[in-house]
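Colleague: have a look; sequence and predicted model below, questions after that.
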Amino acid sequence: MQIIRVFAKLSRMTTTFLWLTGGVAAYLLGSIPFGFLLSKACGKDIRTLGSGNIGATNVFRSVSKPLGILTFALDFLKGFAGVRLIPMLAAACTEAPDAGMGIAVFCGAMTVIGHNWTCFLGFKGGKGIATSAGLLLGLTPAGVGLAFVAWLALFLSTRYVSVASIGAAVTLAAVVWWPLHLASHGLWFPCVLTLLALLAIWKHRSNIARLRAGTESRFNFRKNK
């Protein structure tokens, strides 16, 4: 009986280390400010340009289109790796049993938090759209597909990146309540993803204020003269 208790205690400790290791690693991965670093490589501080945001849209507008696209791709991969790679590495390092979807969602959320509040830039970061998209591709590819359709439709019709991003977040928050998700993962799964969608919308509060004031910038497909 005593042996069983010892093994049970060790198992709980190992599981705790798994979640701790995965969470810290995911946060640090998310905290890598690719938009800031790529802009710095060009001799520019993205925080002083355009909207001041370190995300792909501001890099695209204020530094260069290729770097903006690269920033989006790297931020997207952060979210995907947070869901798929970090839990696997944390399990291998701690020799913990597989924690399933729970650890994947937790690490993915920590990656988004790291991106939004990076420790490398005084806990100020981006809005988490690209990172959240990568996270969601690893969790619910169908949901990402529908959210992308909503984003594209709103972007082409309004030419506001912020409107498209908010619309995609709302779409995703609705899609994750699909009965199949509830049956597969339980109530906690759509609740967590809905909170992440609400976080993305909240991070756009300055854009919403500019939209209401009529001062939000539309995306320009043509080169500025």
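Modeller: All right, it came through fine.

Colleague: lowest-pLDDT helix or strand in the chain?
Modeller: Among the helical and strand segments of the chain, the one scoring lowest on mean pLDDT, DSSP states H and E is helix 179-185, with a mean of 68.

Colleague: residues contacting E216?
Modeller: E216 makes contact with Y160, S162, N207, R210 under the criterion CB atoms under 8 Å, 6 or more residues apart in numbering. Heads up, the C-betas are built off the backbone N, CA and C, glycines and all.

Colleague: show me how far the host helix or strand of the third one is from its chain's centre.
Modeller: In the assignment (DSSP states H and E), N207 maps to helix 205-213. For helix 205-213, the gap between its own C-alpha mean and the chain's C-alpha mean amounts to 22 Å (CA atoms, centre = their mean, to the nearest Å).

Colleague: and for stretch 51-65?
Modeller: 17 Å.

Colleague: who's in contact with it?
Modeller: Against stretch 51-65 from outside (CB under 8 Å, 6+ apart): 33, 35-36, 38-39, 42, 44, 46-47, 49-50, 67-69, 71-72, 75, 121, 125-127, 129-130, 161, 206, 217.

Colleague: now for the contacts of E216: which two are most distant?
Modeller: Y160 and R210 (9.6 Å; CB to CB).

Colleague: quick one: which of the two has more around it?
Modeller: Neighbour totals were compared for Y160 and R210, and Y160 leads with 19 against 16 (other CB atoms under 10 Å).

Colleague: isn't that one up against L211?
Modeller: Yes: at 7.1 Å, Y160 counts as touching L211 under the criterion of CB atoms under 8 Å.

Colleague: the contacts of stretch 51-65 in strands, which ones?
Modeller: In this view, the contacts of stretch 51-65 have no member that belongs to strands under DSSP state E.

Colleague: any of the residues you listed buried? List them.
Modeller: 33, 35-36, 38-39, 44, 46-47, 67-68, 71-72, 75, 125-127, 129-130, 161 (16 or more other CB atoms under 10 Å).

Colleague: mind checking which of these are in helices?
Modeller: When DSSP state H defines the helices, the subset of the buried ones among the contacts of stretch 51-65 inside them is G35, F36, L38, S39, L67, G68, T71, F72, D75, I129, A130, V161.

Colleague: out of those, which is nearest to L146?
Modeller: Checking those one by one against L146 (CB to CB), the nearest turns out to be I129, at 15.5 Å.

Colleague: hmm, L121 is touching G35, no?
Modeller: No: in this structure, L121 is not within contact of G35 by CB under 8 Å, at 10.2 Å.

Colleague: picking that back up, could you give the angle of the helix or strand following the least confident helix or strand of the chain to helix 205-213?
Modeller: Using DSSP H and E, the helix or strand that follows helix 179-185 in sequence is helix 188-202. Here helix 188-202 runs at an angle of 60 degrees relative to helix 205-213 (axes from the mean of the first three to the mean of the last three CA atoms, to 10 degrees).

Colleague: could I get the buried residue list for stretch 135-153?
Modeller: Result for stretch 135-153 [16+ other CB under 10 Å]: buried residues 135-140, 143-144, 146-148, 150-151.

Colleague: now, the most widely separated pair of these?
Modeller: G138 and A150 (19.5 Å).

Colleague: for L29, give its distance to R212.
Modeller: Per CB to CB, to the nearest Å, L29 is found 35 Å from R212.

Colleague: any idea how the chain splits into domains?
Modeller: Following automatic domain parsing, one finds the domains of the chain at 1-120, 139-225.
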